[in-house]
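Participant: Below is the sequence, then the predicted model.
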Amino acid sequence: MSGPDCYVGLMSGTSVDAVDAVVARFAGTSDRPEMLATHSAAPPQGLREQLLALSDADRRVSLLEFGRLDQAVGQWFASAANAAIAKAGLTASQIAAIGSHGQTIWHAPDAEPAFSLQIGAAPRIAADTGCAVVSDFRNADIALGGQGAPLVCAFHRALFADPDANRVAVNIGGIANITLLPGDAHADPTAIRGFDTGPGNGLMDAWIQRHRGHSHDAGGAWAASGRVDDELLAHLLGDDYFHREPPKSTGREYFGLDWLDRRVATLGRTPTPADAQATLCELTAITIADAVDRFGPGTETLYLCGGGVHNRYLVARIAALAAPRPVETTAHLGLDPDWIEALAFAWLARQRLLGRPGNAPGVTGASGLAVLGGWHAAPPAAPGT
């Protein structure tokens, strides 16, 4: 059950509510992981607020503060990895590598020059866990002219493509993204397409935090209590991002509360907080459903994963808009939807170790395939051990 075919994946999304850690075993040449253990750890007191503040466009940060946050995220991630490894009954020597996405601070694939910045000191993770670490997955793709995101699409293909089905995998984190998996994608890696559709949970989380002090809208109950403000929805949907052709990707630095506040201000009135939450939920549902309609018209089934699967009202709205196509979670394909992204980074670490590409140029727009991630070796064993 253990050995060099075991990897750890670490993922914290734009909502910064927790880091998910998964220990996965890959048997032989199979791309399908067996989950040995999982662990989710909330950020230490005060760290979430500091990290969210880094994504505010008007925020200025000292290099001292930035460096401390980089190390703090590394310690947080390492603690989660150690907990997951212990739950699996393994030791550091039995882990081939940890794949750490890091905490995204700024994603700017359309800047000149383009870049994507994640923090979470990989050498700190290696030192605190005793494991090799792969990190900085996005910038190799960006260096080839790609968006550097979404990165889960190649993994979605490896797990979910079926020669007899046209599927779409929908990942709903702080930002939502889709992977189009037509039947021919099973044999042809270049046949997949995907992109960020826009806000997932992130704006809803930020809005309820502002107005009710909660980190998220449990089950979508608050959104369900309001009414969609059609005028506000039209203002939100008018954003150029939703009308751009892929490849495209985005993040909290774009779809944040500042973005929402500017559009609310154009109304000349203030919607009730509950109505605004209902409208944000509808925005997420519509932009996902519209993306599938436009770019995956032959889709037979949508498979959801990510934290958004727990927002029952959001899932119901996606199902209504996607009808008559069924909407399921990836549990119907044998993998828990809560852990897909963390599993993806275990898989990407394995790809790096094997020298295999991890990007999907048809998704990101890169000029070619790339082996993703920088390698940080495990600390050498002490003499005599």
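Facilitator: On my side now, so go ahead. Note that the structure is a prediction, hence the values are computed from the model and not measured. Numbers count the residues shown, from 1 in each chain.

Participant: From now on I want contacts and neighbour counts done on CA atoms only, so please keep to that.
Facilitator: Will do.

Participant: so where is the chain shaky, pLDDT-wise?
Facilitator: 1-4, 57-58, 382-385 (pLDDT under 70).

Participant: quick check: domain ranges of it?
Facilitator: Domains of the chain are assigned by automatic domain parsing as 6-148+339-376, 162-334.

Participant: Buried residues in the lengthiest helix in the chain, which are they?
Facilitator: Ordering each helix of the chain by length in residues (DSSP state H) puts helix 63-87 first. Judged by neighbour count (16 or more other CA atoms under 10 Å), helix 63-87 contains these buried residues: 69-85.

Participant: which strands and helices sit next to that helix?
Facilitator: Helices and strands touching helix 63-87, by 3 or more CA pairs under 8 Å, 6 or more residues apart in numbering; DSSP states H and E, are strand 6-11, strand 19-25, strand 34-41, strand 115-119, helix 122-129.

Participant: what's the closest of these to Asp275?
Facilitator: Proximity to Asp275 (CA to CA) singles out strand 19-25 among these, at 30.5 Å.

Participant: Quick check: can you name the pairing partners of the closest one and their directions?
Facilitator: Neighbouring strands of strand 19-25 in its sheet, by DSSP bridges, are strand 6-11 (antiparallel), strand 34-41 (antiparallel).

Participant: thinking again about what came up before, as JSON lines, the helices and strands packed on helix 63-87 with mean neighbour count and distance to Arg244 would be great.
Facilitator: Converted to JSON lines, the helices and strands packed on helix 63-87 look like this (neighbours: other CA atoms under 10 Å; distance: least, CA to CA, whole Å):
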{"stretch": "strand 6-11", "mean neighbour count": "29", "distance to Arg244": "28"}
{"stretch": "strand 19-25", "mean neighbour count": "28", "distance to Arg244": "31"}
{"stretch": "strand 34-41", "mean neighbour count": "19", "distance to Arg244": "35"}
{"stretch": "strand 115-119", "mean neighbour count": "19", "distance to Arg244": "20"}
{"stretch": "helix 122-129", "mean neighbour count": "23", "distance to Arg244": "35"}
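
Participant: which SS state does Asp196 fall under?
Facilitator: strand (DSSP: H, G, I helix; E, B strand; the rest coil).

Participant: Tell me who's in contact with it.
Facilitator: Each residue near Asp196 by CA atoms under 8 Å, 6 or more residues apart in numbering is listed here: 149-150, 175-178, 248-250.

Participant: Okay, helices next: where are they in the stretch 201-350 of the chain?
Facilitator: 202-212, 221-225, 230-237, 257-265, 273-295, 312-322, 340-354 (DSSP state H, counting those that start in this stretch).

Participant: Of those helices, flag the one that's most buried.
Facilitator: helix 340-354 (a mean of 25; mean count of other CA atoms under 10 Å).

Participant: Report the distance from it to the chain centre.
Facilitator: 13 Å (CA atoms, centre = their mean, to the nearest Å).

Participant: Contacts made by it with the rest, please.
Facilitator: Contacts for helix 340-354 (CA under 8 Å, 6+ apart): 7-11, 20-24, 31, 33, 97-101, 133-134, 152, 155, 305-306, 357-358, 371-373.

Participant: That helix vs strand 6-11, what angle?
Facilitator: In terms of direction (axes from the mean of the first three to the mean of the last three CA atoms, to 10 degrees), helix 340-354 departs from strand 6-11 by 130 degrees.

Participant: and the next element down the chain from helix 340-354?
Facilitator: helix 361-364 (DSSP states H and E).

Participant: Packing partners of that following helix?
Facilitator: Using 3+ CA pairs under 8 Å, 6+ apart, helix 361-364 sits against strand 193-199.

Participant: returning to what we had before: got the helices of the stretch 201-350 of the chain as JSON lines, with distance to Val61 columns?
Facilitator: Below are those laid out as JSON lines (distance: least, CA to CA, whole Å):
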{"stretch": "helix 202-212", "distance to Val61": "21"}
{"stretch": "helix 221-225", "distance to Val61": "34"}
{"stretch": "helix 230-237", "distance to Val61": "30"}
{"stretch": "helix 257-265", "distance to Val61": "18"}
{"stretch": "helix 273-295", "distance to Val61": "30"}
{"stretch": "helix 312-322", "distance to Val61": "35"}
{"stretch": "helix 340-354", "distance to Val61": "29"}
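
Participant: so which of these gets nearest Thr129?
Facilitator: helix 340-354 (15.4 Å).

Participant: got the CA coordinates for that closest one in CSV?
Facilitator: Only the C-alpha atoms of helix 340-354 are listed here, as CSV (Å, rounded to 0.1, in the frame of the first residue of the first chain):
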residue,chain,number,x,y,z
ILE,A,340,-10.5,16.6,-6.9
GLU,A,341,-8.3,19.7,-7.0
ALA,A,342,-5.9,18.4,-4.3
LEU,A,343,-5.7,15.1,-6.2
ALA,A,344,-4.9,17.0,-9.3
PHE,A,345,-1.7,18.4,-7.7
ALA,A,346,-0.7,15.0,-6.5
TRP,A,347,-1.1,13.9,-10.1
LEU,A,348,0.8,16.9,-11.4
ALA,A,349,3.7,16.2,-9.0
ARG,A,350,3.8,12.7,-10.4
GLN,A,351,3.8,14.1,-13.9
ARG,A,352,6.8,16.3,-13.0
LEU,A,353,8.7,13.4,-11.4
LEU,A,354,8.1,11.2,-14.5
